[in-house]
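Chemist: Build the 3D model from these lines:
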Amino acid sequence: MRVVIAEDSVLLREGLTRLLTDRGHDVVAGVGDAEALLDVVGTMAGSGEPPDVVVADVRMPPSHTDEGLRAAVALRRNHPGIGVLVLSQYVEEQYATELLAGSTRGVGYLLKDRVAEVREFVDAVVRVAEGGTALDPEVVAQLLGRSRKQDVLAGLTPREREVLGLMAEGRTNSAIAKQLVVSDGAVEKHVSNIFLKLGLAPSEGDHRRVLAVLTYLNS
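Modeler: Okay, here's the model as predicted:
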């Protein structure tokens, strides 16, 4: 896969580049600020060779606050076919919600201090590049904590909320079943009930699993 890395720390940027290239991926660009990120992705997309995924730090120059996350939101809006994985030391709720509420193409939000294994990180990058999601459970917990007050989710049982939270982390039904120590069939039943209660009818053009997560995050 083709990767662009946006990280102002040269050592960390080079480290991420090495991790990915050692595993056969092509890091086509590495930049140190949000403006350069938008410029390089725009140029690549304009030439017909966009990256598959962007890995961006939240805090970058000049203010080192949320430039990276705002750039990620802009990329999701302007280049919905490119996966975006954000790395951060904290959850910035406003822009995180906006990031996750856009295109249903691959998106991720990981907390740096909670990435325990290199393989786990690389798997997350690949999953986002392929159109999946990679959300840290803490990110999900903070964003969904506000959602629990909203009427649209009032009909979900506590177990269905738990299943939907794990779906938001990018877990498969089998992984959810293992986490909750229940059968795959039980998880499938919960997922079907979630779709029904959120009014998500079967459709060839929409991915109900992603729409359920977005409904949860936006409620």
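Chemist: Would you mind giving the domain segments of the chain?
Modeler: Segmentation of the chain into domains, based on automatic domain parsing, reads 2-135, 148-218.
Chemist: Beyond the worst-scoring helix or strand of the chain on mean pLDDT, next helix or strand please.
Modeler: Ranked by mean pLDDT, DSSP states H and E, the weakest helix or strand in the chain is helix 137-147, scoring a mean of 70. Counting by DSSP states H and E, the element after helix 137-147 in chain order, helix or strand, is helix 158-168.
Chemist: now for that following helix, which elements pack on it?
Modeler: Secondary-structure packing of helix 158-168 (3 or more Cβ pairs under 8 Å, 6 or more residues apart in numbering; DSSP states H and E): helix 137-147, helix 173-180, helix 184-197, helix 208-218. Using the backbone N, CA and C atoms, a C-beta is placed for each residue, glycine as well.
Chemist: what residues does that helix touch?
Modeler: 133, 135, 137, 140-141, 144, 148, 153, 156, 175-176, 179-180, 187, 190-191, 193-194, 197, 209, 212-213, 216-217 (Cβ atoms under 8 Å, 6 or more residues apart in numbering).
Chemist: in this structure, which residue is closest to the centre?
Modeler: Of all residues in the chain, the one closest to the mean position by Cα atoms, centre = their mean is G108, 1.8 Å from it.
Chemist: how much space is there between that one and L198?
Modeler: For G108, the distance to L198 (Cβ to Cβ, to the nearest Å) stands at 23 Å.
Chemist: Okay, now the unreliable bits of the protein?
Modeler: Residues of the chain meeting the criterion pLDDT under 70: 102-105, 144-152, 203-206, 218-219.
Chemist: Kindly recompute the last result at 80.
Modeler: Applying pLDDT under 80 to the chain picks out residues 92-98, 100-105, 116, 140-154, 201-207, 214-219.
Chemist: among the helices and strands packed on helix 158-168, which is the most enclosed?
Modeler: Of all these, helix 208-218 carries the top mean neighbour count, a mean of 19, counting by mean count of other Cβ atoms under 10 Å.
Chemist: and that one with helix 173-180, angle?
Modeler: Helix 208-218 and helix 173-180 are oriented at 50 degrees to each other (axes from the mean of the first three to the mean of the last three Cα atoms, to 10 degrees).
Chemist: Noted, bye for now.
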